[in-house]
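Engineer: Dropping a prediction and its sequence here:
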Amino acid sequence: MSTTQSERLRELLEPLVTSQGLDLEEIAVDSVGRKRVLRVVVDSDTGADLDQVADVSRELSAKLDETDAMGEGEYTLEVGTPGAERQLSEHRHYLRAVDRLVRFQLAEGGELVARILDVDDAGLDLEVPGVKGRKATGRRLGFAEIDKARVQVEFNRKDKKDMTEEEEA
């Protein structure tokens, strides 16, 4: 997709998404065979439920039908949320990932897996899990030190409310 089309689509669709209380996270146009697919990813600080996604999908579809933003030819509109293993790239993404386990690709090379405890304008306070029975350690990571970051899915994590005082310590 050309930058011009991407910018036009963002300018056209973003006001509709924000009017529904959501953030426009991503727009992508992909060719699937002879058809095109317009994928729109939305989110908010509290997440987006199925009803919100359906509402914004109807709004976007109506707006696209009344304009020529997608040009001639058929296309399919898909509206969804970022998913469980979302990439973190903006400050708001890190805020939404507080208390989540994240895999960081560091700018200096190397990798770090840690839980985000707090986010401020300069960076993150992290808890690095202990290995082989060792206690977790704290670490500060500035945004400039991060090349890429992606939320990790945890299948067997205990919620703090389910933990005994001894397990928390």
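Structural biologist: Perfect, I can see it now. Numbers count the residues shown, from 1 in each chain.
Engineer: in what helix or strand does A54 lie?
Structural biologist: Per DSSP states H and E: A54 is located in helix 50-65.
Engineer: residues making contact with that helix?
Structural biologist: Outside helix 50-65, the residues that touch it by C-beta atoms under 8 Å, 6 or more residues apart in numbering are 12-13, 16-17, 19-22, 38, 40, 42, 44, 48, 70, 77, 79-81. (Glycine included, C-beta is placed from N, CA and C.)
Engineer: Now do it: distance to the chain's middle.
Structural biologist: Between the centre of helix 50-65 and the centre of its host chain there is 20 Å, according to C-alpha atoms, centre = their mean, to the nearest Å.
Engineer: Tell me how many other residues surround E72.
Structural biologist: As a burial measure, the neighbour count of E72 was computed by other C-beta atoms under 10 Å and equals 6.
Engineer: thinking again about what came up before, ChimeraX command to pick out the buried ones of the contacts of helix 50-65?
Structural biologist: Listed next is the ChimeraX selection for buried residues among those, using 16 or more other C-beta atoms under 10 Å:
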select :12,13,16,17,20,22,38,40,42,44,48,70,77,79,81
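Engineer: Filter the contacts of helix 50-65 down to the ones in strands?
Structural biologist: Where the contacts of helix 50-65 overlap with strands, as defined by DSSP state E, the overlap consists of 38, 40, 42, 77, 79-80.
Engineer: What is the nearest of these to R86?
Structural biologist: Sorting the ones in strands among the contacts of helix 50-65 by how near they are to R86, with C-beta to C-beta, puts G80 at the top with 11.3 Å.
Engineer: Enumerate the beta-bridge partners assigned to the spatially closest residue to that closest one that is not a sequence neighbour.
Structural biologist: What sits nearest to G80 in space, not counting adjacent residues and going by C-beta to C-beta, 6 or more residues apart in numbering, is V41, at 6.1 Å. According to DSSP bridges, the residues that bridge with V41 are E26, G80.
Engineer: Could you pull up the residues touching V41?
Structural biologist: Residues counted as contacts of V41 (C-beta under 8 Å, 6+ apart) are 24-27, 79-82.
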